[in-house]
Structure formats: structure tokens, C-alpha cells
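Novice: Below is the structure, and that's it, no one-letter string:
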């Protein structure tokens with residue numbers, strides 16, 4: 001996630017870094033907001049995967065904005081909203097990637113407090129353009145549950161953004177059950193973003209930015225697989241989970257999961273699932289950051305088009321034009337494209353269209 005030579009712009013402590021990296025191929029004439037039309041109808045597009053950081057919180061963690069690639073809230077007068085206008089994105093759901101999972105309790109609590117208050121303040125200032133996911137100190141699940149409830153009920157945030165694991169524990173560990181229980185109780189979306197599979201860091205050196213290119217989708221694949229195989233999704237069937245980057249590798253090779261314990265029954269730990277592993281894929285949601293028409297069609301085939309939502313990873317330019325990726329994809333009806341561009345995310349995030 002770290003880099004050098006990043007540029008950033010800020011407003012009241014909320015910063016979008018890496019802004020200069022954003023693709024501007026879709027710039028509308030005259031700099032006006034790009035209007036997205038499907039089947040003759042205007043669509044209000046919603047991006048569920050966009051990043052920011054809070055400089056004050058970073059400082060408490062001994063880090064700086066310049067060390068970050070991608071996150072931050074920018075100068076509303078120019079860069080951030082202008083870039084959204086160019087992309088054809090009407091609303092962004094902002095998240096902050098967790099850098100505080102190793103922090104002690106009081107420090108983590110303060111970082112989370114600052115971030116959630118800044119996010120709420122920003123969204124309150126520009127309610128027609130931004131919503132946000134709460135930060136939580138997931139390494140302290142009871143505290144994280146309290147933070148989530150406060151953020152949703154008192155600050156108006158729409159769910160929580162979490163990393164794919166905490167040090168030493170997987171998502172399915174009973175230690176985290178208090179958080180999952182609260183998320184299910186509140187009925188809010190939990191956005192899962194990878195942390196680059198930290199345990200494999202020694203193998204990610206060399207060319208190709210492998211810590212991200214391979215490490216991020218692998219991290220998501222591992223997290224979702226544990227939630228499925230260890231029975232967490234059976235225990236908390238009302239959870240609303242959305243994964244970045246199309247769910248990593250899992251949907252691309254999903255049938256292998258259905259056959260794993262048949263091939264190696266001795267690996268069965270005694271957790272009896274209520275359905276086949278692949279069926280759980282249709283209980284979750286995924287962003288559409290999968291690059292090609294074929295990948296998007298395959299993802300929709302495996303999980304259902306109604307489980308897909310736009311994810312740009314703004315301001316990191318992984319996909320040149322996330323809106324056109326859906327608009328120009330073959331094999332989808334206008335109704336299905338409207339669902340992916342807008343309607344499904346609106347339902348998950350409580351946005352009125």
C-alpha cells in the first residue's frame with residue numbers, strides 16, 4: 001500500500017492521495033458531470049469501493065499521507081468530485097484500509113473515533129455525493145461491535161470496512177463472533193478489503209507488485225473460504241458481506257470448493273455445512289473490478305448479477321473506466337446493468353435513488 005512520490009489534496013483532514021493517477025479518458029465536454037444512461041433512463045451510479053485516509057489518525061500511528069497509495073479525501077473544489085464527474089460516478093462509498101490492527105486498545109479506539117467522525121462530517125457536507133463505511137478496531141471484537149453501532153446509529157455511516165484478517169486469527173475464529181453478531185443485528189453492509197496476505201510477504205518481492213497483484217485477491221479468497229467452510233455464514237446467515245476485487249480468486253475456481261472434502265474426506269473437521277460451498281457465494285456481494293467482459297460474465301454466472309456492484313478502487317486506476325466496463329459488457333440486459341450500476345448498491349447502503 002505504501003509508495004513514494006504520491007500527490008495529495010485535502011479538506012479538513014480527510015485526504016485522497018494518489019489523485020494524479022486517476023484515468024480521465026471519460027472526461028465529459030465542458031467538464032460537466034458525465035450522465036450515465038441505460039435503456040433511455042438516467043442511472044445514478046454508486047461506487048462501493050473508494051478509498052481515503054485521515055491525516056490526524058495516520059499521525060497517531062506514526063505514518064504520513066505521503067506513505068499511502070490511494071486513500072484520502074481531496075479538495076472538493078477540484079480533484080475528487082471532478083474525477084467522479086469525469087468517471088460518471090454519482091456517489092462514492094468511502095472506506096479506510098486498516099492500518100491499526102496491531103495497535104493497543106486505547107490507540108486503536110482513538111484512531112477509529114477520529115476517522116469515523118471525519119467521515120461523517122465529510123458525508124454530511126456533501127450528502128448527495130458521499131456515504132461511508134465505519135472503521136472498527138476489529139482486533140477487539142466487543143469494542144468493534146460498539147464502534148459499529150455508534151457509527152451507524154449516531155454518525156449515519158452505512159456499515160463497516162474491514163481487512164481480511166487480524167493478526168493471528170482468521171475471520172471465522174469464534175473470537176470475532178461478537179462483531180459478526182452485531183453486524184447481522186444491525187443489518188448493515190460489511191465491506192471486506194484485502195491486506196495482501198501478510199504471511200506471504202517474503203515471497204512477494206521482485207517485479208510485478210506481487211503483494212498487490214497476487215496477494216490481495218489471494219487474501220480475499222482465503223478470508224471468504226474460511227467464512228464458508230468454518231460455518232460462520234451458517235451461524236450468521238443474515239450477514240451482508242461485499243468483497244473487493246470480485247471476491248478474489250474464489251468465484252473463478254469455485255467448483256473446486258464443492259469437491260474438496262469429497263476428494264479428501266479426512267480433512268473434514270466436523271463442521272457440517274447446510275449447503276454446498278458454492279451456494280454460499282450467492283449469499284454475498286462483490287464489486288465488478290474484474291477487468292474483462294468474460295470475467296464479468298463468469299462472475300455473474302457464479303454469484304448472480306444481482307450480487308454485483310461497481311467498485312472503482314478510486315483513486316487507484318486499476319480499471320480504466322469502471323462504468324463503461326458494465327455499460328459495454330455483452331450478455332447483460334438493461335435491467336441487469338442498472339442493478340449493477342446502481343440499484344443493488346442503493347439497497348445495501350440505504351441510498352434513495
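Specialist: That came in fine, so what should we check first? These figures come from a predicted structure and were not determined experimentally.
Novice: show me where the stretch 251-353 of the chain has helices.
Specialist: For the stretch 251-353 of the chain, the helices defined by DSSP state H, counting those that start in this stretch cover 255-263, 277-281, 293-303, 322-327, 334-338, 344-349.
Novice: Now residue 123. Nearest residue, chain neighbours left out?
Specialist: residue 130 (4.7 Å; CB to CB, 6 or more residues apart in numbering). C-betas here are computed from N, CA, C, even on glycine.
Novice: doesn't residue 92 make contact with the one you found?
Specialist: Yes: between residue 130 and residue 92 there is a contact at 5.6 Å, judged by CB atoms under 8 Å.
Novice: what about the closest residue to residue 99 other than its chain neighbours, neighbour count?
Specialist: In space, residue 99 comes closest to residue 61 once its chain neighbours are excluded; the distance is 5.6 Å by CB to CB, 6+ apart. Counted by other CB atoms under 10 Å, the residues lying close to residue 61 total 14.
Novice: what's the closest of the helices of the stretch 251-353 of the chain to residue 208?
Specialist: Taking CB to CB as the criterion, helix 293-303 is the member of these that comes nearest to residue 208, at 19.3 Å.
Novice: mind listing the helices for the chain?
Specialist: Along the chain, counting by DSSP state H, helices occupy 55-60, 79-87, 105-125, 141-153, 177-186, 210-213, 215-229, 232-235, 255-263, 277-281, 293-303, 322-327, 334-338, 344-349.
Novice: Adding mean pLDDT, write those helices out as TSV.
Specialist: Listed next are those as TSV, based on pLDDT from 0 to 100:
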stretch	mean pLDDT
helix 55-60	95
helix 79-87	91
helix 105-125	97
helix 141-153	98
helix 177-186	98
helix 210-213	96
helix 215-229	97
helix 232-235	98
helix 255-263	91
helix 277-281	96
helix 293-303	97
helix 322-327	98
helix 334-338	98
helix 344-349	98
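Novice: want to throw the ones you listed into TSV with mean neighbour count and distance to residue 242?
Specialist: Converted to TSV, those look like this (neighbours: other CB atoms under 10 Å; distance: least, CB to CB, whole Å):
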stretch	mean neighbour count	distance to residue 242
helix 55-60	19	23
helix 79-87	22	20
helix 105-125	19	17
helix 141-153	20	15
helix 177-186	19	12
helix 210-213	16	19
helix 215-229	23	11
helix 232-235	19	14
helix 255-263	12	19
helix 277-281	20	13
helix 293-303	18	11
helix 322-327	22	15
helix 334-338	17	18
helix 344-349	21	7
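Novice: could you dump those to JSON lines with distance to residue 162?
Specialist: Output for these, formatted as JSON lines (distance: least, CB to CB, whole Å):
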{"stretch": "helix 55-60", "distance to residue 162": "16"}
{"stretch": "helix 79-87", "distance to residue 162": "24"}
{"stretch": "helix 105-125", "distance to residue 162": "12"}
{"stretch": "helix 141-153", "distance to residue 162": "8"}
{"stretch": "helix 177-186", "distance to residue 162": "8"}
{"stretch": "helix 210-213", "distance to residue 162": "18"}
{"stretch": "helix 215-229", "distance to residue 162": "9"}
{"stretch": "helix 232-235", "distance to residue 162": "13"}
{"stretch": "helix 255-263", "distance to residue 162": "22"}
{"stretch": "helix 277-281", "distance to residue 162": "18"}
{"stretch": "helix 293-303", "distance to residue 162": "20"}
{"stretch": "helix 322-327", "distance to residue 162": "22"}
{"stretch": "helix 334-338", "distance to residue 162": "29"}
{"stretch": "helix 344-349", "distance to residue 162": "15"}
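Novice: Distance of residue 233 relative to residue 309?
Specialist: Residue 233 sits 19 Å away from residue 309, going by CB to CB, to the nearest Å.
Novice: swap that for residue 270, please
Specialist: For residue 270, the distance to residue 309 - CB to CB - is 35 Å.
Novice: okay, those two: which has more neighbours?
Specialist: More crowded of residue 270 and residue 309, by other CB under 10 Å: residue 309, with 28 against 5.
Novice: Quick check: closest non-adjacent residue to the more buried one.
Specialist: In space, residue 309 is closest to residue 345, 4.3 Å off (CB to CB, 6+ apart).
Novice: got the helices of the stretch 251-353 of the chain as CSV, with distance to residue 33 columns?
Specialist: What follows is the helices of the stretch 251-353 of the chain, written out as CSV (distance: least, CB to CB, whole Å):
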stretch, distance to residue 33
helix 255-263, 42
helix 277-281, 35
helix 293-303, 25
helix 322-327, 12
helix 334-338, 18
helix 344-349, 18
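Novice: follow-up on the earlier one: residues in contact with the residue nearest to residue 123?
Specialist: 91, 92, 93, 94, 122, 123 (CB atoms under 8 Å, 6 or more residues apart in numbering).
Novice: repeat that for 7 Å
Specialist: Counting by CB atoms under 7 Å, 6 or more residues apart in numbering, residue 130 touches 91, 92, 94, 122, 123.
Novice: hmm, back to that, just list the residues touching the residue nearest to residue 309, thanks.
Specialist: 46, 48, 309, 310.
Novice: Just the ones of these in strands?
Specialist: 46, 48, 309 (DSSP state E).
Novice: pLDDT score for the second one?
Specialist: Yep, that's residue 48 we're talking about. Model confidence at residue 48, given as pLDDT, is 98.
Novice: correct me, but it touches residue 92?
Specialist: No: in this structure residue 48 lies outside contact range of residue 92 using CB atoms under 7 Å: 8.5 Å.
Novice: pretty sure residue 236 is in contact with residue 184, am I right?
Specialist: Yes: at 4.7 Å, residue 236 counts as touching residue 184 under the criterion of CB under 7 Å.
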